[in-house]
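Novice: Please find the sequence and the predicted model below.
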Amino acid sequence: MPASPKAAPAASSAATRLELSSLRSVHCNSGTLHDPLLAAIDGPCTFMQAIRLEDEPASIRIAFANDIALAYPISAVSACVSTSMGDGINPNGGAPWSQLTAHPFTVSGNGGGPRIPALVWTPWAPIRSIAPEDGSGRPILFLRVSTPAWTAPRCCNGALGFSQTKVAQGREILSFLRSGADLAASPSANVQGAQAYDANPVYCVQYRSRTGGATLLWSGDSHYTGATTPGNIDAFALQSCLRVSTPARPLSPANYAWGGSGSTIFLPVLEHMMEACRPQILLLEGWTPNDGPSEEAATAYCNKMLDLAARAGAMGAVPILLTRFPHVSLLHNAQEAAIAERLRRRQLAMAGPALTVIDATSVLEEPDRPGAYRPGLSKDGIHPNAAGHEAVAALLTPVLQRLLL
């Protein structure tokens with residue numbers, strides 16, 4: 001096999017200066033939606049989540065998503081900014097709760113067909129921020145969402161842990177459920193009986209602050225969700241956000257990758273969230289094994305990426321494309337490996353002022369063994385592990401740092 005091509009400059013568009021915004025969009029896990037695994041419950045339920053933000057919010061709104069035709073109701077939504085994560089259920093510091101809804105509402109179905117989520121937002125509501133007690137400048141947002149009896153909202157995967165990257169004040173996120181009570185309509189300071197729960201209906205958190213910053217938006221398959229990392233949330237893009245973000249130049253992660261999906265699902269989701277989030281930086285997955293091994297599939301996928309990159313540029317966002325991650329299927333099919341390598345070379349040649357291209361393949365894949373991860377960078381030959389994601393984050397981080405200068 002020919003020697004790997006040298007990567008084009010990893011930050012070919014790094015001279016671009018971002019147009020910073022007070023609007024931030026946050027989503028840590030992935031855009032995968034499913035029904036919560038609830039037994040039949042004849043009373044209300046309250047989903048709770050605690051998320052560490054990049055800077056202090058002045059106003060906030062929450063999006064709920066529905067990717068099926070069946071609608072579901074939401075009774076109430078409330079939010080509070082805390083000084084510390086505490087137990088992840090009860091906020092500390094004495095800030096008041098903000099009601100984000102005046103009345104119950106319905107999250108309408110998406111009309112059937114492809115799994116593109118319909119979004120329903122709460123109105124913008126002011127929220128009072130208080131300084132974090134650890135001095136990090138990164139407050140903790142507590143959210144409560146209540147549903148009536150017999151309701152199964154469409155949920156994202158909740159997190160029962162937090163980012164374990166070696167970065168000060170990591171992206172902590174905790175999810176809980178309290179059955180038999182509506183704790184969002186009249187939130188109290190102390191909740192008993194809540195249990196850790198791996199599903200939450202909050203699809204997107206948007207907030208406005210007094211500090212100009214940016215949102216990094218991405219989608220993709222399981223390579224980009226953070227699968228097989230601690231808590232399944234330590235994706236390389238999140239790691240880079242944590243390294244780069246400061247209270248003076250906050251950078252928020254919005255992860256809408258959907259594990260196991262092909263581009264017919266995760267790219268329309270990304271397109272949808274581009275319009276909703278208006279990000280300053282768009283991250284594009286250079287190749288997916290889920291679209292099939294043919295040359296036609298690779299070409300079609302690449303063309304979709306170029307179209308999204310052009311649209312991001314027209315919106316004022318900086319598009320960044322990463323070349324393929326290794327995958328065990330390439331080890332067993334020389335023709336598929338050759339197709340994937342041709343696509344990689346084509347993408348490296350695209351680097352220029354309008355598109356930053358990062359050669360992730362070069363740090364993940366064993367030389368002369370297409371499809372094989374370097375030792376210690378994968379558990380299953382399919383997904384990078386935490387170390388693999390960290391290797392890619394080491395390439396992405398300086399690109400983001402230069403953009404946020």
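Specialist: Ah, there it is.

Novice: ok now the biggest helix by length in the chain, how far from the chain's centre?
Specialist: Longest helix in the chain by number of residues, with DSSP state H as the criterion: helix 295-314. Relative to its chain's centre, helix 295-314 lies at 20 Å (Cα atoms, centre = their mean, to the nearest Å).

Novice: Which strands or helices does the helix or strand following that helix pack on?
Specialist: Counting by DSSP states H and E, the next helix or strand C-terminal to helix 295-314 is strand 318-322. Applying 3 or more Cβ pairs under 8 Å, 6 or more residues apart in numbering; DSSP states H and E, one finds that strand 318-322 contacts strand 281-285, helix 295-314, strand 356-358, helix 386-403. Where you see a C-beta, it was placed from the backbone N, CA and C, and this is true even at glycine.

Novice: Please list all residues in contact with Asn138.
Specialist: No Asn there; residue 138 is Arg. Arg52, Leu53, Glu54, Asp55, Pro132, Gln169, Pro247 (Cβ atoms under 8 Å, 6 or more residues apart in numbering).

Novice: Let's see if you can find the most crowded of those residues.
Specialist: Glu54 (28 neighbours; other Cβ atoms under 10 Å).

Novice: Sticking with that residue, tell me its helix or strand.
Specialist: Using DSSP H and E, Glu54 falls outside every helix and strand.

Novice: Quick check: the closest residue to it other than its chain neighbours vs Arg344, distance?
Specialist: Excluding the flanking residues, the one nearest Glu54 by Cβ to Cβ, 6 or more residues apart in numbering is Pro250, at 3.5 Å. In this view, Pro250 and Arg344 are 33 Å apart by Cβ to Cβ, to the nearest Å.

Novice: cool, and Gln99?
Specialist: Plainly put, Gln99 is 50 Å away from Arg344 if you go by Cβ to Cβ.

Novice: more crowded one of these two?
Specialist: Legend: neighbour count by other Cβ under 10 Å for Gln99 and Arg344, higher for Arg344 (25 against 16).

Novice: Give me the secondary structure label for the more buried one.
Specialist: helix (DSSP: H, G, I helix; E, B strand; the rest coil).

Novice: Would you enumerate the residues in contact with the residue nearest to it when sequence neighbours are not counted?
Specialist: Once flanking residues are discounted, Arg344 sits nearest to Thr323: 4.6 Å by Cβ to Cβ, 6+ apart. By Cβ under 8 Å, 6+ apart, the residues touching Thr323 are Gly286, Trp287, Arg344, Gln347, Leu348, Val357, Ile358, Asp359, Ala360, Thr361, Ser362.

Novice: can you list these in a markdown table and add pLDDT and distance to Ser294?
Specialist: Below are the contacts of Thr323 laid out as a markdown table (pLDDT from 0 to 100; distance: Cβ to Cβ, whole Å):
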| residue | pLDDT | distance to Ser294 |
| --- | --- | --- |
| Gly286 | 96 | 17 |
| Trp287 | 96 | 13 |
| Arg344 | 96 | 16 |
| Gln347 | 96 | 17 |
| Leu348 | 96 | 21 |
| Val357 | 97 | 23 |
| Ile358 | 97 | 25 |
| Asp359 | 98 | 23 |
| Ala360 | 98 | 22 |
| Thr361 | 97 | 20 |
| Ser362 | 97 | 25 |
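
Novice: Before I go, just wanted to say thanks for your time.
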